Each structure stands twice: as C-alpha cells, then as structure tokens.
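> predicted model follows, preceded by the sequence.
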Amino acid sequence: MDEFLEKFFPSVYAKEKNASGHESQYCKFENHLLTLFTSSLYLAALIASFFASATTQKFGRKISMTTGGLIFLVGAILNGAAVNVEMLIIGRLLLGVGIGYANQSVPVYLSEMAPPKLRGALNIGFQMATTIGIFAANLINYFTSSMPANGWRVSLGLAAVPALMMTVGAIFLPDTPNSMIERGQKDEAREMLKKIRGTENVEQEFTDLLEASEASKRVEYPWKKIMEPQYRPQLVITCLIPMFQQLTGINVIMFYAPVLFKTLGFGNNASLMSAVVSGLVNVFATFVSIFTVDKFGRRALFLEGGIQMIICQISVGVLIYKVFGVAGVGSFSKEMGNLALALICIYVAAFAWSWGPLGWLVPSEIHPLETRSAGQSINVSVNMFFTFIIGQLFLSALCHLKFGLFFFFAGWVVIMTAFVYFFVPETKNMPIEEMNRVWKAHWFWGSYIPDDAVGLQHHKSVAV
C-alpha cells in the first residue's frame, strides 16, 4: 500500500513512483529495511521454536499453542498501532515468536491425536489453515488498499482475529495421550485414547505409547540423543525437508506476491487481485492433498508436485526474459500477463498439494517420542532460518539474478525431487510409535536402526 510505504519506507515509495520508464523492473523494490521488516518474523520464529520445545515437552502441547496465540495477539496489536519502523519491527518479531510456538506444537499435536489412517489428512489441516490465512490476508489487502487512510492499520491489525481464535480454541482442546503419559497421567491418557479413537479396544496402541514413553524417560538430553546414529534418518530428513520446502521458492510467490506482480508490470490493484487469485488456488489445491495423501501416499505427491513446479518455474523464467530481457526494461501485455499468472497459479497448486503440507507432515510423524519435541523444533528452526534467508535476500536476488532467479529455484526443485525418490520412505497408514519399522525396511536407512528399537519388538518387518 502506498500510504504504508510512504510512512515507513519512503525511499521505496519514491523509487516505485519513478516515472522515467528507464529504471530496471527487477530492482525497483530493493530495500534492506523493507526486507528486514518482512523477514524479521522468521528469525524470531526460529529462536522461539527452541523455547517452545521445552514448553511442549514439560507442560504439554496445549500450553504451547495457547502461549503462541497470546504472543501473536500482542504482536498484531502493536503492528496495527505502529507509529514508527521500530514499533513495526517489534510487533513483527512478536508475531514470529507466536508462529514459532504454533509451528512447533500444532503439527505434533495433530500427528499424536490422529488415527494412523487419517493422520496425513488431519495434519494437513494445519497447512489448510495457513493457506486460508494467506488468502484472507491477500483479500483484506485488496479491499483495504482502496481506503482513503489507515488501510494498512486495518490490514495488519486484523491479524488479531486468528490469534484470538487460536488462543481461545487451544484453551478448550484436550491434551494428547502421548503428552499425558509423558507427564505421568496414564489413566487419563488411556481414557483420552478411547475417546479420540471411538473404541474401547486401544490396548495395543496404549502399550506402544507406554513403551515409547519409557524409552523417552531414559533419555535425559533429547538434543544430544537425536545426534546418535540410530536417529540419523529422522535427523537428516528433518533438516533437509524444511530447507527444501523453502528452496522451492514458494515464499517468493506467496509473501511477496503483490510486489512480484507489480515488478512484472501489473498495476497496484491488478497486482493485489493477482495475489488473491494465487492465494485462492493455494486453498483449493491444499484440499487435493487432504483427500489424496492417505490414499496415494506422501511420495507420490512429493514427486508429482516437484515435476510440475520445475516445468512452471522454467516457463516463468523464460517468459520474464522474453518481456524484460537482461536490462529489466519493458512491460507485460495483457496476454503475456495472464499467461504469467496462469503459470504461477499452476506452480502454487503443485506446491499446495505436495511440499506445502508434506513439508510439515512428514517431519512431525517420523520421530519417536523421546526425540519428538527436539525434532519438531529442528524442523521449525530450519524452516524459519531458510525462510528468513530467502526473505532477506529475495529482492536483492531478483535485482541481480533477474529472470535467472526462477531457474535457480527450479534447479533446487530438481535436487529435492531426486532426494525424495531415493531417500524418503512412504509413511502413510503407519502408527506413529511404530515408525521405526519403515526405517528398518529402507534400503539406505535400515542399517542405522538397531534391532531392538522401539516399535520393532512385537511386529514383523514391512516392505517399503
């Protein structure tokens, strides 16, 4: 919004209004203070995720979710009332802390509460909420941009609504049986398991949870434990999947969508509406993942989505080169603009049913109880670290790499798709406390898993 840029980032506003027609379209939004404002959220989330791990393990998943909601609420209020850049960035940092807590606790909560056959679909509800939030934010930005004054305050302040929903909702949620057992509430855990499974016959699963809890209690330092060879498969995948998720380039599209579409020559309202359209595609494509992830599995969605993203990114890069060339001078015709928007939407759809939800689902479901909180903190921190790096560098990278930025991300998608094909086993329908069966049967990771690992003793091996 022009009023927002003029108040807090006047140099960017002045550059945007440059009417000479000879400035590079690639570089007109390059500003380190603007990128710091955007990416500071992810740095705060990274740091907060480590504190959230201790909170989640000691006090339960429910307390972490409530804490995250409250901190996010304060951040939203500060942003909506900001009078200077410092206040704006402090509010943004608090939003990041809230996100760090939520991202650490919510996927673990969903994975532990869901029955194995529905775990994928229910866990993706987390990503679905995220995509709805992105779409709502784009829609709000579109309508508030036409307000004569303070539209940006309404836009930023309305973040308090989901914060209130999360905080109040978490208060009424029960804690997971796994968390109850960790804190010595075995009878309550058994009753909760019966309630959420809808049956009295839960002895096998309850026994697995007790066994996992006993193994967890023998681990005094989970952060040290997760570095041992027997947890190497989980550690490697928990580090690489969130890194790869951000190197798809999705945050370039979703969080900088209005700026990106403006850079591509769309007008102010057109750029905001284009962001709304891509956000709506994101929502509907996530529904595809919900209905297919437990039927076709994680690997199929990863691989199909990867191939689709590669094709779209290369096509967008070629299209931008044709219009702007190396100098960055030119403008999109209506037909070329519509083609660019279509390709970006197809790319967003591919991400939304593959790396978007699965980037959170898979790391949250592969860890044994003794390293689960630590593992999820690593997942969140790696994700937020690379989101911060890409957010901080994107506008400069666009200025210097130009259309080649899309080829850069396409190259990474090739690498991550190959990694999934060779090193990520299928985890659908596998009880979370028996996941070692999957690793033990894998061609590469099997040698890392000891024969007496939790989940192997009373079950036959399964093929991957």
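That came through, no problem.

> what comes up buried for stretch 127-141?
127-132, 134-141 (16 or more other CB atoms under 10 Å). Backbone N, C-alpha and C define where each C-beta goes, glycine included.

> no, scratch that, I was asking about stretch 342-359
Within stretch 342-359, the residues that count as buried by 16+ other CB under 10 Å are 343-359.

> wouldn't Met128 be in contact with Thr286 here?
Yes: here Met128 reaches Thr286: they are 4.9 Å apart, a contact under CB atoms under 8 Å.

> between the two, what contacts are shared?
Residues touching both Met128 and Thr286 (CB atoms under 8 Å, 6 or more residues apart in numbering): Pro357.

> where in this structure is the helix or strand with the lowest mean pLDDT?
Within the chain, no helix or strand scores below helix 257-263, which has a mean of 62 by mean pLDDT, DSSP states H and E.

> following it, which helix or strand comes up?
Going down the chain from helix 257-263, the next helix or strand is helix 268-296, by DSSP states H and E.

> list the buried ones in the helix or strand following that next one?
Once the chain leaves helix 268-296, the next helix or strand it forms, by DSSP H and E, is helix 298-324. Neighbour-count burial for helix 298-324, counted by 16+ other CB under 10 Å, picks out 298-299, 301-306, 308-317, 319-320, 323-324.

> if I look at the residue nearest to Gly305 when sequence neighbours are not counted, how far off is Thr292?
Leaving aside its chain neighbours, Gly305 sits nearest to Ser354 (2.4 Å; criterion: CB to CB, 6 or more residues apart in numbering). As for Ser354, its distance to Thr292 is 10 Å (criterion: CB to CB, to the nearest Å).

> joint contacts of these two?
Counting by CB under 8 Å, 6+ apart, the contacts common to Ser354 and Thr292 are Leu301.

> now the angle between helix 298-324 and the lengthiest helix in the chain, please.
Across the chain, the longest stretch assigned as helix under DSSP state H is helix 369-401. Interaxial angle, helix 369-401 versus helix 298-324 (axes from the mean of the first three to the mean of the last three CA atoms, to 10 degrees): 10 degrees.

> buried residues in whichever helix or strand comes after helix 369-401, which are they?
For helix 369-401, the following helix or strand on the C-terminal side (DSSP H and E) is helix 404-423. Neighbour counts over helix 404-423 (16+ other CB under 10 Å) mark 405-406, 409-410, 412-413, 416-417, 419-420 as buried.

> let's have those in JSON lines, adding distance to Ala82 and pLDDT.
Shown next, in JSON lines, are the buried residues of helix 404-423 (distance: CB to CB, whole Å; pLDDT from 0 to 100):
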{"residue": "Leu405", "distance to Ala82": "31", "pLDDT": "87"}
{"residue": "Phe406", "distance to Ala82": "33", "pLDDT": "88"}
{"residue": "Phe409", "distance to Ala82": "32", "pLDDT": "94"}
{"residue": "Ala410", "distance to Ala82": "37", "pLDDT": "95"}
{"residue": "Trp412", "distance to Ala82": "35", "pLDDT": "97"}
{"residue": "Val413", "distance to Ala82": "37", "pLDDT": "97"}
{"residue": "Met416", "distance to Ala82": "37", "pLDDT": "98"}
{"residue": "Thr417", "distance to Ala82": "41", "pLDDT": "98"}
{"residue": "Phe419", "distance to Ala82": "41", "pLDDT": "98"}
{"residue": "Val420", "distance to Ala82": "42", "pLDDT": "98"}
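
> just the closest of the residues you listed to Arg197, please.
Nearest to Arg197 among the buried residues of helix 404-423 is Val420, at 31.0 Å by CB to CB.

> my guess is that closest one contacts Leu301, does it?
No: using CB under 8 Å, Val420 makes no contact with Leu301, being 9.7 Å away.

> was I right to think Met227 contacts Leu235?
Yes: the pair Met227 / Leu235 is scored as a contact, 7.1 Å apart, by CB under 8 Å.

> so between those two, which is more surrounded?
Under the neighbour definition other CB atoms under 10 Å, Met227 and Leu235 were set side by side, and Leu235 has more, 20 against 12.

> now do the contacts for the residue nearest to Gly305.
Residues near Ser354 by CB under 8 Å, 6+ apart: 289, 301-302, 304-306, 309.

> swap the cut-off to 6 Å and go again
Residues in contact with Ser354 (CB atoms under 6 Å, 6 or more residues apart in numbering) are 301-302, 305.

> ditto for Val106
Residues near Val106 by CB under 6 Å, 6+ apart: Phe126.

> gap between it and Gly125?
Using CB to CB, we find Val106 at a distance of 9 Å from Gly125.

> could you do Ser373 as well?
21 Å.

> the more surrounded of the two?
Applying other CB under 10 Å to Ser373 and Gly125 shows that Ser373 carries more neighbours, namely 27 against 15.
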